[in-house]
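*Asks:* Sharing a sequence plus its predicted fold:
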Amino acid sequence: MIIKKLGIKNFRNYSDSELEFNSNKILFIGKNAQGKTNLLESVFYLSALDSFRAKTDSELIKWGESFCSIKADIIKHDVDINLEVIINPPSKKKLKVNGLNKNKFSDFISNISAVCFTSNDLLLLRGAPEDRRKWLDLAICQVFPAYNEKLSKYNKVRIQKNNCLKNLKGSINSDSSLLDVFNEQLAITGSNLIFIRLNFLFELLKIAKNKHALISENENLSITYNSSVIDEIHLEEKFNFNNEFILKKFKDKLEEKKFEEIIRGQAVIGPHRDDISFFINSVDSKKFASQGQQRTIVLSLKLAELQFIKDKINTNAILLLDDVLAELDDLRQNFLLDAIGNETQTIITSVDTLHFKDDYLKDVEIFEIKDNIILKKDHF
Ligand SMILES: Nc1ncnc2c1ncn2[C@@H]1O[C@H](COP(=O)(O)OP(=O)(O)OP(=O)(O)O)[C@@H](O)[C@H]1O
Ligand SMILES: [Mg+2]
């Protein structure tokens, strides 16, 4: 799939900008803080209805304005698709596909897939569990759009449960029948999320392992899912979990933790507390991997995401590379650029063109960003 046009209004530092893309290789250049990442963020938002960095939608709206919108013309499987989202909190965001309103997020995001690779991702392993959960959830949405609704549903129940726990005011003698109702719903929605995450990681690891072995000259990558509900799950082994098994474990654990949750006044178990660990040759890479080894893991994961999407939906996702080439050495840069090939539309941000080989720059379309204005460059 490719994006042909992008239009943003009141998005971050932009008032009203329209861009037309005529190449599979697009480069945004500009000094720091000009709005390069903001542009990638707008494209990615269409693919997940979530930002890879903002905590709330309101952050995306230009300061002093009340709404923002993102529009794009996409070509997917030779079909033109027009997408538009209007963000106007506290109202629900408005979604349109080819001018028709859509209520379900999945009906919107199923039209476009993107993989975003930022220099921040290179810190994924050492970052907070929250960052790893966010990466995982956004990656799953690209291949399984309905996951987005399942996640929202779970989070809604979790917030209701937390309110209920607060109302109990730490008293284990209060009537907890409402809590039991929320726990039942939390277990149903939450076990399904865990099941989907495990399935996704299992499939992703198969692809990432090969990429990782190639880049690292045969080191072995493995992943464990550290669940607050069923402890550690090694994704190396044959995948033999089913939803019912996880649901049963979830319910048992909720029962076990009920008093603790009442006393602490918050939900302490569930996929919102889970984490992922990465191992190289069975050694925990969070603690022991060198910076280069960590980069190789993240690069393998990103390449695996791209491949996974291609296998699943039979078209290339749009690749968004935010300032990441400058952070990779020659070997890893070449792996990345070779893996992308000519078919994947790639939008790259960079401060300048120094990190690109002449060969890459041959058919690239360059836009320069300065003082909130985006200008197409005819020469570089
Ligand atoms: N909601 C908003 N309204 C107006 N301006 C915003 C908003 N959010 C962010 N900005 C501005 O956008 C700019 C940052 O944009 P962005 O992160 O895209 O920069 P960048 O070009 O990627 O920079 P760098 O090279 O440092 O990564 C900042 O100057 C920030 O003040
Ligand atoms: Mg940036």
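*Replies:* Arrived safely, thanks for sending. Ligands and ions are numbered 1, 2, ... in the order given.

*Asks:* contacts, neighbours, all on C-alpha from now
*Replies:* Will do.

*Asks:* Return the set of buried residues in the lowest-mean-pLDDT helix or strand in the chain.
*Replies:* Taking mean pLDDT, DSSP states H and E as the measure, the helices and strands of the chain show their lowest mean at helix 358-361, namely a mean of 83. In terms of neighbour count (16 or more other C-alpha atoms under 10 Å), helix 358-361 has no buried residues at all.

*Asks:* Got phi/psi on the residue of the stretch 251-380 of the chain found nearest ligand 1?
*Replies:* Ligand 1 sits closest to residue 351 of the stretch 251-380 of the chain, with a gap of 6.1 Å, by C-alpha to the nearest ligand atom. Main-chain torsions, residue 351, degrees, to the nearest 10: phi -70, psi -30.

*Asks:* now do residue 57
*Replies:* With angles defined as degrees, to the nearest 10, residue 57 sits at phi -60, psi -30.

*Asks:* list the contacts for it?
*Replies:* Counting by C-alpha atoms under 8 Å, 6 or more residues apart in numbering, residue 57 touches 50, 51, 87, 89.

*Asks:* what's around the closest residue to the second one other than its chain neighbours, how many residues?
*Replies:* So the one you mean is residue 51. Sequence neighbours aside, residue 45 is the residue nearest to residue 51 in space, at 5.3 Å (criterion: C-alpha to C-alpha, 6 or more residues apart in numbering). Residue 45: 18 surrounding residues under other C-alpha atoms under 10 Å.

*Asks:* Please report the distance of residue 45 from ligand 1.
*Replies:* Remark: distance between residue 45 and ligand 1 (C-alpha to the nearest ligand atom, to the nearest Å) = 14 Å.

*Asks:* go on, residue 179?
*Replies:* Taking C-alpha to the nearest ligand atom, one finds residue 179 at 38 Å from ligand 1.

*Asks:* Assess the claim that that residue and residue 161 are in contact.
*Replies:* Yes. Shown here, residue 179 and residue 161 form a contact pair, counting by C-alpha atoms under 8 Å, at 6.6 Å.

*Asks:* Residues in contact with both of these two, list them for me.
*Replies:* With contacts defined as C-alpha under 8 Å, 6+ apart, no residue is shared by residue 179 and residue 161.

*Asks:* Compare the two (neighbour count), which wins?
*Replies:* residue 161 (23 against 19).

*Asks:* Remind me which helix or strand that one belongs to.
*Replies:* helix 147-167 (DSSP states H and E).

*Asks:* got it, and residue 254?
*Replies:* In the assignment (DSSP H and E), residue 254 maps to helix 243-256.

*Asks:* mind listing what's buried in that helix?
*Replies:* Those would be 246, 247, 248, 249, 250, 251, 253, 254, for helix 243-256 by 16+ other C-alpha under 10 Å.

*Asks:* From the contact counts, what lies against that helix?
*Replies:* Helices and strands touching helix 243-256, by 3 or more C-alpha pairs under 8 Å, 6 or more residues apart in numbering; DSSP states H and E, are helix 177-216.

*Asks:* For the helix or strand following the helix it packs on, what does the pLDDT average out to?
*Replies:* Once helix 177-216 ends, the next helix or strand along the chain (criterion: DSSP H and E) is strand 221-227. Throughout strand 221-227, pLDDT has a mean value of 96.

*Asks:* What's the local residue count around the closest residue to residue 146 other than its chain neighbours?
*Replies:* The spatially closest residue to residue 146, leaving aside those adjacent along the chain, is residue 106, at 5.2 Å (C-alpha to C-alpha, 6+ apart). Around residue 106 there are 20 other residues, counting by other C-alpha under 10 Å.

*Asks:* List the contacts of residue 106.
*Replies:* Taking C-alpha under 8 Å, 6+ apart, we find residue 106 in contact with 145, 146, 148, 149.

*Asks:* what's the helix or strand for it?
*Replies:* Here residue 106 is assigned to helix 105-109, by DSSP H and E.

*Asks:* Double-check residue 247 against residue 194; I have them as touching.
*Replies:* No. The pair residue 247 and residue 194 fails to qualify as a contact (C-alpha under 8 Å) at a distance of 9.4 Å.

*Asks:* thinking again about what came up before, tell me the buried residues within the contacts of residue 106.
*Replies:* 145, 146, 148.

*Asks:* With distance to ligand 1 and pLDDT added, can I get those in CSV?
*Replies:* Output for the buried ones among the contacts of residue 106, formatted as CSV (distance: C-alpha to the nearest ligand atom, whole Å; pLDDT from 0 to 100):
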residue, distance to ligand 1, pLDDT
145, 26, 96
146, 28, 97
148, 24, 96
